[in-house]
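Chemist: quick one, what's the 3D model for this:
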Amino acid sequence: MASNNQEIEIKIPVDGVTFSHIKQKLQSTATFVKSSSQIDEYFTPPNRNFVEPFFTYEWLSIRKRGGKTIINYKHFYPENAELTTHCDEFETIIENPEQIEKIFSALNMKKLVVVEKEREVFIYKNEFEIALDRVKELGNFIEIEAMKNFGTVHETREKLFQFAKRLGIDTSNADKRGYPHLLMKKKGLTRCTIIP
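Modeler: This next block holds a predicted model:
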């Protein structure tokens, strides 16, 4: 969850061995918070196609989390850039998921992809939230999000990369676009051809 409606995080794909090694390390150095199954459905409005820009910079999703349904909007910066540094994030719980589905249908909202993942969350010293994600069709990822203000966006990203390296994660292939983009690319649904 974003702090003050701003999210600064990094996401790194890892193999199964690295995934298990990081999990073991976190079990002894961080606080386990929870595990959950998550389903995120991504949509685009008919009047403004979010995947029209070469690099998508807006996402609208309905998220299912442990019996709760949440509507979430993210706007990444800089816009239409291969590498984004942060995003505005706004979300709220939906009390009646069936009604929001009817609203989306009435507005002709187009469903793009569905991201399904198993997530385990750890907290390190109230500074970083670390999510270990097993994402259907995409593989294993480690996501690290800043929980406190480290200064500028650039300074905060530096802290995230430093922490990832301390955990023993190779950050050279950090994902630049996020799960919905990776899944859309795999399915041939995005204009972007640059490998993230």
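Chemist: look at the residue lying farthest from the centre of the chain and report its pLDDT.
Modeler: In the chain, counting by CA atoms, centre = their mean, A106 sits farthest out from the average C-alpha position, at 27.5 Å. A106 is assigned 96 on the pLDDT scale.
Chemist: going forward, begin numbering at 20 instead of 1
Modeler: Will do, 20 is the new start, and the previous item becomes A125.
Chemist: next, it: phi, psi?
Modeler: phi -60, psi -30 (degrees, to the nearest 10).
Chemist: ok, L131 to F141 distance?
Modeler: For L131, the distance to F141 equals 30 Å [CB to CB, to the nearest Å]. Placement of C-beta: from N, CA and C, glycine included.
Chemist: just the helices in this protein please.
Modeler: Here the chain has its helices, by DSSP state H, at 35-48, 116-125, 172-185, 198-205.
Chemist: how about those helices, which one is nearest E26?
Modeler: When those are ranked by distance to E26, counting by CB to CB, first place goes to helix 172-185 at 10.5 Å.
Chemist: before we move on, back to that, L131 and F141: which is more packed in?
Modeler: Neighbours were counted for L131 and for F141 using other CB atoms under 10 Å; L131 has more, 24 against 21.
Chemist: which residues of the protein score low on pLDDT?
Modeler: Flagging of the chain using pLDDT under 70 yields the residue ranges 20-23, 209-215.
Chemist: confirm for me that R82 is in contact with I58.
Modeler: Yes: using CB atoms under 8 Å, R82 makes contact with I58 at a distance of 7.4 Å.
Chemist: so how far is R67 from K144?
Modeler: According to CB to CB, K144 and R67 sit 41 Å apart.
Chemist: pick out whichever of the two has more residues nearby.
Modeler: With neighbours defined as other CB under 10 Å, K144 and R67 compare such that K144 has more, 11 against 8.
Chemist: separation between that one and F182?
Modeler: Counting by CB to CB, the gap from K144 to F182 is 10 Å.
Chemist: now do L45
Modeler: The gap separating L45 from F182 is 11 Å, by CB to CB.
Chemist: got it, and R153?
Modeler: Separation of R153 from F182 (CB to CB): 21 Å.
Chemist: between those two, which has more neighbouring residues?
Modeler: With neighbours defined as other CB under 10 Å, R153 and F182 compare such that F182 has more, 19 against 16.
Chemist: check contacts around that one.
Modeler: Neighbouring residues of F182 by CB atoms under 8 Å, 6 or more residues apart in numbering: 143, 146-147, 163.
Chemist: most neighbours among those residues, which one?
Modeler: I163 (26 neighbours).
Chemist: nearest spatial neighbour of Y143, chain-adjacent residues omitted?
Modeler: In space, Y143 comes closest to A49 once its chain neighbours are excluded; the distance is 4.3 Å by CB to CB, 6 or more residues apart in numbering.
Chemist: so the one you found sits against F141, correct?
Modeler: Yes: between A49 and F141 there is a contact at 4.0 Å, judged by CB under 8 Å.
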